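[1] Pasting the sequence and the predicted coordinates here, then a few questions.
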Amino acid sequence: MALAQRHLIRVLACVFLLVAPAILRSQTSPAPEAPAPQFRVVSIAGVETFFFDVEKKKESLNAAAGSFSQLYPAPKNRDVVFYREVPNADPKLPPVKTPVAKAQLPAQKIGPFLILIAKNPPEAELAYNTLVIDQSLEAHPANNYRVFNFSKRRLAVNIADTKMVLPTGQYQTAPYPTSRKAWLQVAADEKADGWLLVSSSAHPVGADSRTSIFLVDIAPSPMDPNPKGIVARRIRESITTDEKGVQHVR
């Protein structure tokens, strides 16, 4: 009996010596790093070119009004600082980095994100202000519109028979209709003069896509110093589904 117990103890000791290192490794191995956040940029102000740094590496960025930029990597701290380079007073020294806009990506979301860039008033500290939104398919699903109000006025919007009232800087989603054509109608709150219809247009409805609509005031001109109209900029993204049923934005 004593011999059997000693044999069992030796077997258990051998098993422990074999298993213990694996247990310790599983307890001490660091958790896998989360994927680096990514973002796209769209400009409300026209075509803009900036730089930003990702872990000390300089990246060049082009932002346009009519399309989303490519996907860019974000710094690990999710703090994106856009800058331009100004020649140094001393030609022997490198250019001076001049910040023009800043954006903080949300810490609790995976993304990808969309950074919207618009010009600030001349007296502002930075030349541009930013709005960061979740651009994932969960936040903006396939076959849905997402309408943004970048007018200085409150807007009432009817998109494919979905009605919404958007304060400046706000946005809302609406599903695609089942018809082949959809109407976008926009009225602006002119305060004392009430609501004024400022835009009405039809557009074809596609499938396997999603559409972002940016409502922007028409810029003043010598011929019309106080325009009332609205420009509706549409950006459509195609969406594919792989063999596993997972959707991807092209």
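    Happy to help now that I have it. It should be emphasised that the depicted structure is a prediction, and the values quoted were computed from it without experimental measurement.
[2] What are the structural domain limits within the chain?
    34-136, 140-250 (automatic domain parsing).
[3] okay, those domains in CSV with mean neighbour count next?
    C-betas here are computed from N, CA, C, even on glycine. Converted to CSV, the domains of the chain look like this (neighbours: other CB atoms under 10 Å):
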stretch, mean neighbour count
domain 34-136, 15
domain 140-250, 15
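[4] Dump those into CSV; add mean pLDDT as well.
    CSV is the format used below for the domains of the chain (pLDDT from 0 to 100):
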stretch, mean pLDDT
domain 34-136, 93
domain 140-250, 94
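[5] for residue 59, which residues make a bridge with it?
    Using DSSP bridges, the bridge partners assigned to residue 59 are residue 52.
[6] which residues does it contact?
    51, 52, 53, 72, 73 (CB atoms under 8 Å, 6 or more residues apart in numbering).
[7] repeat that with 10 Å
    With contact taken as CB atoms under 10 Å, 6 or more residues apart in numbering, residue 59 is in contact with 50, 51, 52, 53, 72, 73, 74, 75, 80, 82.
[8] go on, residue 94?
    Contacts of residue 94 (CB under 10 Å, 6+ apart): 85, 87, 88.
[9] my guess is the last one meets residue 96, correct?
    Just to be clear, that refers to residue 88. Yes. Residue 88 lies in contact with residue 96 (CB atoms under 10 Å); the separation is 5.5 Å.
[10] still on that earlier bit, and which of the contacts of residue 59 is nearest residue 105?
    Closest approach to residue 105 among those (CB to CB): residue 74, at 5.6 Å.
[11] Once you drop chain neighbours, what's closest to that closest one?
    Nearest non-adjacent residue to residue 74, counting by CB to CB, 6 or more residues apart in numbering: residue 37, 4.4 Å away.
[12] quick one: that neighbour and residue 79, what's the gap?
    11 Å (CB to CB, to the nearest Å).
[13] got any residues that touch both of the two?
    Common contact partners of residue 37 and residue 79 (CB under 10 Å, 6+ apart): residue 105.
[14] And the helices in this protein?
    Ranges of helices within the chain are 2-28, based on DSSP state H.
[15] check contacts around the residue nearest the centre of it.
    Among the residues of the chain, the one closest to the centroid is residue 114, at 1.2 Å (CA atoms, centre = their mean). By CB under 10 Å, 6+ apart, the residues touching residue 114 are 39-42, 68-69, 131-136, 139-140, 146, 148, 212.
[16] rerun that using 8 Å as the cut-off
    Contacts for residue 114 were tallied using CB under 8 Å, 6+ apart; they are 39, 40, 41, 42, 68, 132, 133, 134, 135.
[17] Please name the bridge partners of it.
    Beta bridges link residue 114 to residue 40, residue 133 when assigned by DSSP bridges.
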